[in-house]
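Peer 1: here is my input; please provide its structure:
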Amino acid sequence: MLGYWKAGPPAGALEAVQEAERLGFDSVWTAEAYGSDAFTPLAWWGAATSTIRLATGIAQLSARTPASTAMTAMTLDHLSGGRVILGLGVSGPQVVEGWYGQPFPKPLARTREYVAILRSIMARQAPVTAPGPQLPLPRTGEGTTGLGKPLMSTLHPLREHIPIHLAAEGPKNTALAAEIADGWLPFLFSPASDADARALLAEGFARRDPTLPPADAFEVSVPVPIVVDDSVEAAADRLRPMIALYVGGMGAKGANFHFDAVARLGFEAECAAIQEHYLAGRKAEAIAAVPMRLIDEIALVGPVGRIRDGLARWEESVVTRMLVQGDAEALRAIASLRG
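Peer 2: Next comes the predicted model:
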């Protein structure tokens, strides 16, 4: 899991991707927020690899129309020989309305419409139409010429069914992922919430479209920060800034999905303290307020033996794929644990 870039391209990323492929890792995942995009790095690194799957984790719905996302995914799927996994997410109102200039209300309904259009385009069975109301195709009415017509992609898909995974942290969109997608991408997940996760997925599977792959083929891919260090505290300190950013600063007070996800793990008071410091500009205090107990819930840190002991909780959970967030050393450590 390489995530999105900061000021520039991450140093050593290509070497890490190639090492991951050599070690037998399944896939490489990128992301986007309001800087680098999710697809271009996959095309660049995909050209230098041959087997590792290329996944967006996540591409933001409001960054592109469904047609644009389908075109990009289908093009990359051809160029890579069928290696694409399309991870999608709604992001949050600050980014959607502040960066993309798109409306945020009714994100679940928008996701449902978006995925249905993607499926229709990639199946290429007929010219694409969609009733809306958020994403109608063709668009008609006020402000249009009235000349729009249903179209079918000129590009024939390499695969009619490119896997679509949905990022979800809340209960309703977790169930939605099980209903309409091929996989679920939780974030800030803990094996301690396994029973709740299974119940929400079962709720979605009960409504699942029978034309989709069966529920037993559904994947759950979780980013797990991993830091290998002889000092547990030193390893934890490398993760505290990231956790403080997401819990305290990624979203407005009362509208931060990451805050809510961590609070549901039993850290509501800690989240409130982190957010209060962060929004007041006291980032050092916010970082210091991230407890070791929280880090152990959502990450694997410390010596290799400690990581090995902690790995069992994840393997017994609903998780089917762990997305390793770490450097080449972390990749090699995990590969050694997996034999």
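
Peer 1: and R264, how many neighbours?
Peer 2: Neighbour count for R264, taken as other CB atoms under 10 Å: 17. Any C-beta I mention is one placed from the backbone N, CA and C, and that applies to glycine too.

Peer 1: give me the neighbour count for the spatially closest residue to it that is not a sequence neighbour.
Peer 2: Leaving aside its sequence neighbours, R264 sits nearest to S193 (CB to CB, 6 or more residues apart in numbering; 7.1 Å). Residue crowding around S193 was assessed by other CB under 10 Å; the count is 18.

Peer 1: so which residues of the stretch 51-200 of the chain form helices?
Peer 2: For the stretch 51-200 of the chain, the helices defined by DSSP state H, counting those that start in this stretch cover 66-80, 93-98, 107-123, 171-180, 194-205.

Peer 1: on that earlier part again, can I assume the residue nearest to R264 is in contact with F267?
Peer 2: No: look at S193 against F267 with CB atoms under 8 Å: they stay out of range, at 11.8 Å.

Peer 1: re earlier: any idea how far I180 is from the residue nearest to R264?
Peer 2: 22 Å (CB to CB, to the nearest Å).

Peer 1: now do S68
Peer 2: Distance, S68 to I180, by CB to CB: 20 Å.

Peer 1: quick one: which of these two has more around it?
Peer 2: When neighbours are counted by other CB under 10 Å, S68 and I180 differ, and I180 comes out ahead with 20 against 10.

Peer 1: the more buried one - nearest residue in space that isn't next to it in sequence?
Peer 2: Here the residue nearest I180, using CB to CB, 6+ apart, is V115, at 5.2 Å.

Peer 1: return the residues in contact with that neighbour.
Peer 2: 88, 164, 166, 180-181 (CB atoms under 8 Å, 6 or more residues apart in numbering).

Peer 1: what about G146, how many neighbours?
Peer 2: Going by other CB under 10 Å, the residues that sit close to G146 add up to 8.

Peer 1: over to K172?
Peer 2: Residues near K172, counting by other CB under 10 Å, number 12.

Peer 1: I figured it hits L108, correct?
Peer 2: Yes: using CB under 8 Å, K172 makes contact with L108 at a distance of 5.9 Å.

Peer 1: surely H165 meets V84?
Peer 2: No: counting by CB under 8 Å, H165 stays clear of V84, with 11.1 Å between them.

Peer 1: give the intersection of the neighbour lists for those two.
Peer 2: A55.

Peer 1: and the pLDDT for G339?
Peer 2: In this model, G339 is scored at 56, pLDDT.

Peer 1: and what of R124?
Peer 2: 97.

Peer 1: equivalent analysis for the one 4 residues further on, please.
Peer 2: At V128 the predicted local distance difference test score is 98.

Peer 1: again with A335
Peer 2: Note on A335: pLDDT of 88.

Peer 1: who's in contact with it?
Peer 2: 23-25.

Peer 1: restricted to helices, list those.
Peer 2: Judged by DSSP state H, helices contain the following of the contacts of A335: L23.

Peer 1: take the contacts of A335 and lay them out in a markdown table including neighbour count, pLDDT and distance to I287.
Peer 2: Shown next, in a markdown table, are the contacts of A335 (neighbours: other CB atoms under 10 Å; pLDDT from 0 to 100; distance: CB to CB, whole Å):
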| residue | neighbour count | pLDDT | distance to I287 |
| --- | --- | --- | --- |
| L23 | 15 | 94 | 32 |
| G24 | 10 | 94 | 35 |
| F25 | 21 | 95 | 30 |
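
Peer 1: tell me the one among the contacts of A335 nearest to L212.
Peer 2: F25 (26.4 Å; CB to CB).

Peer 1: quick check on the closest one: phi, psi?
Peer 2: Here is the backbone geometry of F25 (degrees, to the nearest 10): phi -70, psi 150.

Peer 1: and the one 3 residues further on, by the same measure?
Peer 2: For V28, the backbone dihedrals are phi -120, psi 140 (criterion: degrees, to the nearest 10).

Peer 1: in three-state terms, label the closest residue to it other than its chain neighbours for me.
Peer 2: Nearest residue to V28, sequence neighbours excluded (CB to CB, 6+ apart): V17, at 5.1 Å. Secondary structure, DSSP: H, G, I helix; E, B strand; the rest coil: V17 is helix.
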